[in-house]
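*Asks:* Below is the sequence, then the predicted model.
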Amino acid sequence: MIFGNYIWQVDSVGESDGTYGNLHPIILQLLKKRGIVTPEQIQRYLFPKLEYLYNPMLLKDMDKAVRRIKEALAKQQRIVVYGDYDVDGITSCAILVKLLKSLGGNVHYYIPSRLDEGYGLNKEAIEEIHSKKTDLIITVDNGISSNEEVKYASSLGLDVIITDHHEPQLEIPQAIAVINPKQRDCSYPFKELAGVGVALKLAHALMDTYACPQKLYQEFLELAAIGTVADMVILLDENRIIVKNGLENLAFTDNKGLLAMMALLNLKDTPVEPSKISYLLAPRINAAGRIADPKIAVELLLSENEDHAFELANKLEKINQERQALEVKVLEEAKEIIEQKIDLDTNSIIVVSSPNWHPGVIGTVASKLVEIYCRPCIMIAEQKGEGRGSGRSVSGFNLFKAIGDLSNLLIKYGGHEQAVGLKIKVENIDLFREKINELHKDAFKKMDLRPKLDIDLELNKRDLTLQLAQQLELMKPFGYGNPKPVFICRNLHILDSRTVGNGDKHLKLNLKSHEANIDAIGFNFGLYKEDLEMASIMDLAFNLEVNRWKGFEGLQLNIKDLKVPFLRDKLLDDVEKNYYKYFLLNLNNRNSAVLTEKKGIDKSNFVVLANKTTQERMNYIKGLFETQRKVIIVVNTPYKAWQLLTYLNGYDSLINDIKVFYDLSSIINNSANNFIVVDPFAEVSDENFDDIVFFDTPFSIKLLNAQLTSLPSTSKIHILFKRGHLRYNFLVCRQILPSVNQLKAVYHTVGKLTAGKFVCTLDIYKLIDILHEQYGIDMHTVGLINVFNIFQDLNIIKFNQKGGLLNITDYRKHDSTFKLESSRTYMLLHSLAKDVVEFYNEYLILQSKLF
């Protein structure tokens with residue numbers, strides 16, 4: 001059994017209410033999840049044209065900002081664009097500097113040092129800017145919280161225009177203009193612009209005023225797309241328009257700096273997607289601000305000289321390599337501290353510190369630690385008695401509020417729910433760690449900290465088509481707020497598996513689908529190859545993609561996680577053999593028995609644990625077996641029996657005391673305490689049992705009622721099954737109930753093998769191989785035997801079975817139109833399969849009534 005790497009969180013959404021052209025219903029469901037439902041919203045999303053951008057003059061104070069900048073340009077006043085050291089701030093700075101220079105402005109820029117100055121405006125920087133006879137400061141990606149700094153600048157005679165996208169505080173700085181869509185009195189339709197998006201709006205307004213050429217705006221879109229992706233704002237509405245158009249322009253950019261960087265990264269002449277921005281371009285631009293001088297990155301984007309641009313690009317590449325090495329070193333040191341000094345049982349929030357860490361990389365490392373340990377993490381770099389910290393959280397936990405509750409121990413803090421920054425005296429770090437865990441231990445008791453994978457939709461095999469994969473590309477660009485859809489599909493049959501890539505790191509699968517076989521690729525899943533050789537079926541979480549190669553287009557599943565409910569090993573073979581030995585006999589007896597009136601269901605002794613995971617269910621049963629009470633576990637399918645027995649086989653002292661039966665009547669007069677009965681028709685009424693456990697779901701509502709109404713009033717009843725378990729019942733039905741195509745294939749194959757003879761002997765396993773080779777049909781032995789039972793019911797064949805051999809004693813020619821309603825075997829099996837489907841459809845209603 002393979003449990004997978006994640007808990008799959010399926011966020012179900014109802015079907016879309018309408019249609020939109022030829023758009024696949026699944027695309028409409030995905031759009032509905034993103035809040036995109038009306039024809040107008042769908043049109044804007046699928047075709048994010050520049051004409052859909054909002055008028056920049058709708059932003060509060062935009063008119064004031066344009067007026068003041070026009071004045072500065074007209075009077076040749078000295079303008080300083082005050083940026084930030086991350087990609088958002090650097091691209092914002094480059095846009096405004098380029099534009100103002102093109103308009104003849106006396107423009108300069110200032111980026112504060114991350115290490116020496118920190119984020120935002122500061123008085124020392126303002127004094128330096130003032131000393132150079134500056135008249136106007138324009139902030140980009142900062143300034144909304146700089147009340148005191150703006151007052152100080154004003155006192156020196158400096159005008160300030162603020163452009164920012166961060167959350168405003170109650171008091172807004174008294175600047176000449178404050179452009180931020182998140183201001184409470186700003187009616188701009190879209191609030192989620194990145195800092196570079198706000199800077200682009202100012203550029204747009206100025207370009208309209210001065211009738212600038214459109215080509216310049218296209219170049220600004222490229223920079224805005226890079227900054228927007230890097231800053232992790234939602235890629236919907238205007239951000240989607242900016243990124244979609246900006247990335248398309250990027251393939252044809254004239255920006256010397258971007259051309260140099262893209263050549264270095266082999267991105268020229270290839271489509272640039274957000275993932276390439278996030279993992280290739282952005283880290284290199286960011287690296288300068290993290291551990292070196294952010295001006296290098298600004299100069300790269302402003303460069304007009306090809307040779308100089310390549311020189312700067314290479315310099316950034318070296319800085320990024322240093323940053324990567326530094327992150328690896330800091331990550332390893334942090335993991336060592338955690339494993340040696342942090343008790344993860346009592347520390348739900350990790351707080352680690354060291355004087356050896358560079359403040360520029362601790363935020364990135366904190367994110368990696370959250371992925372590793374599945375809990376919030378705060379990393380603190382100690383310097384001269386003070387610690388500069390950076391924290392990242394997990395979904396559902398507000399880290400900003402958590403550190404705010406301990407503000408008395410901090411010098412300074414900021415951030416939002418998922419990411420925080422702080423300053424603290426080194427002497428307070430241990431107390432801070434102790435208090436933050438003490439205050440929030442109860443919150444984490446209620447949280448499941450295991451890694452989770454958000455699933456958009458569960459698909460069936462019929463949905464896995466190239467057409468759907470092609471239409472999914474209309475949803476690009478993917479990124480934060482518009483993630484690449486993750487689907488799951490269950491019960492996929494593996495036809496072939498192999499490893500590919502250096503060191504066999506990756507997994508390549510060929511899967512059986514509804515119409516044609518499907519390829520799947522799992523990067524870094526190569527280690528699963530050996531186990532998958534014993535897997536009949538698997539459940540996959542994946543992205544649905546178009547695989548393009550040398551003019552060929554095909555469907556491909558990009559594996560995100562996989563789960564295998566059971567492995568076809570000797571244990572499963574033995575379980576199935578014993579299970580099916582009794583199954584048909586008991587099914588026949590069940591349907592021929594006279595049903596008697598039974599008592600009602602007494603629910604007073606019920607314990608319902610339907611929401612537990614498979615692992616938790618099995619742990620629960622182990623606990624019951626260890627109580628020395630008399631316990632019986634009722635299991636309905638061989639696959640759930642395999643799961644339970646595989647788990648219990650890991651406990652030698654326990655498994656030796658457990659008796660396993662495949663027919664309830666075999667238990668009579670057995671003196672053991674612990675029983676597992678793998679019998680879907682078991683009706684336990686023996687009052688000697690202290691605990692009766694229903695491990696998985698019965699095959700039908702009728703069988704469930706029969707089992708529950710037979711229960712003794714003295715026993716404690718444990719309900720562990722859930723609706724999802726019915727997949728295993730349906731698998732049994734698929735194994736035992738042959739399809740019409742299978743019936744025809746077997747009939748024709750037997751005709752060829754007997755060569756007109758009325759009497760012959762056939763090897764069951766060779767016959768199964770022939771069916772696979774000639775017809776592509778995979779059959780279980782019990783399914784094949786049922787084909788012969790059906791033929792015998794229909795007087796087409798007479799046979800008897802001895803071990804793995806079928807002795808055909810009569811074979812009659814037939815036209816392959818089988819009157820299946822005349823076969824008792826077929827009708828019994830067909831009725832059972834219908835019961836499973838009915839139970840699945842009615843389950844939720846029944847559950848509310850019974851449990």
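*Replies:* Nice, thanks for sending it over. In this text, all values refer to a predicted model and were calculated from it rather than measured experimentally.
*Asks:* Point out where this structure drops to low pLDDT.
*Replies:* Residue ranges of the chain with pLDDT under 70: 14, 514-515, 590-600, 756-758, 816, 851.
*Asks:* From the centroid of this protein, which residue is nearest?
*Replies:* residue 453 (3.4 Å; Cα atoms, centre = their mean).
*Asks:* what sits against it?
*Replies:* Going by Cβ atoms under 8 Å, 6 or more residues apart in numbering, residue 453 touches 5-9, 486, 541, 560-561. C-beta here means a position set from N, CA and C on the backbone, and glycine is covered the same way.
*Asks:* Surely it is in a strand?
*Replies:* Yes: assessed with DSSP: H, G, I helix; E, B strand; the rest coil, residue 453 lies in a strand.
*Asks:* Find the nearest non-adjacent residue to it, please.
*Replies:* residue 6 (3.7 Å; Cβ to Cβ, 6 or more residues apart in numbering).
*Asks:* List phi and psi for that neighbour.
*Replies:* Main-chain dihedrals, residue 6, degrees, to the nearest 10: phi -130, psi 160.
*Asks:* Can you get me a residue count around it?
*Replies:* Using other Cβ atoms under 10 Å, residue 6 has 16 neighbouring residues.
*Asks:* can you pull the buried residues of stretch 252-271?
*Replies:* Using 16 or more other Cβ atoms under 10 Å as the burial criterion, the residues of stretch 252-271 that qualify are 253, 255-262, 264-265, 267.
*Asks:* nope, stretch 109-128 is what I meant
*Replies:* So, applying 16+ other Cβ under 10 Å, buried residues of stretch 109-128: 109-112, 114-115, 119-122, 125-126.
*Asks:* Which one of these is nearest to residue 15?
*Replies:* residue 119 (46.0 Å; Cβ to Cβ).
*Asks:* quick one: the strands in the stretch 451-600 of the chain?
*Replies:* Listed in chain order, the strands of the stretch 451-600 of the chain (DSSP state E, counting those that start in this stretch) span 452-455, 457-458, 487-500, 506-512, 518-522, 537-549, 552-563.
*Asks:* Just put the ones you listed in TSV and tack on distance to residue 192.
*Replies:* Listed next are those as TSV, based on distance: least, Cβ to Cβ, whole Å:
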stretch	distance to residue 192
strand 452-455	20
strand 457-458	25
strand 487-500	26
strand 506-512	36
strand 518-522	34
strand 537-549	25
strand 552-563	26
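*Asks:* which one of those strands lies closest to residue 30?
*Replies:* strand 457-458 (7.1 Å).
*Asks:* Partner strands of that closest one and their direction?
*Replies:* strand 487-500 (parallel) (DSSP bridges).
*Asks:* what's the spacing between the strand it pairs with and its chain's center?
*Replies:* 18 Å (Cα atoms, centre = their mean, to the nearest Å).
*Asks:* and what of stretch 402-409?
*Replies:* Stretch 402-409 sits 32 Å away from the centroid of its parent chain (Cα atoms, centre = their mean).
*Asks:* neighbouring contacts of it?
*Replies:* Stretch 402-409 is contacted by residues 349, 376, 378, 391, 410, 413, 420, 422, 424, 428, 431-432, 435-436, 439-440 when judged by Cβ under 8 Å, 6+ apart.
*Asks:* What's the ChimeraX line that selects buried ones from those?
*Replies:* Buried subset of the contacts of stretch 402-409, written as a ChimeraX selection, criterion 16+ other Cβ under 10 Å:
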select :349,376,378,391,410,413,420,422,424,428,432,435,436,440
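*Asks:* Keep only those of the contacts of stretch 402-409 that are in strands.
*Replies:* By the criterion of DSSP state E, membership of the contacts of stretch 402-409 in strands covers 378, 391, 413, 420, 422, 424.
*Asks:* Closest one of the residues you listed to residue 728?
*Replies:* For the ones in strands among the contacts of stretch 402-409, the minimum distance to residue 728 (Cβ to Cβ) is 43.5 Å, reached by residue 391.
*Asks:* do you know how far the closest one is from residue 415?
*Replies:* Residue 391 sits 7 Å away from residue 415, going by Cβ to Cβ, to the nearest Å.
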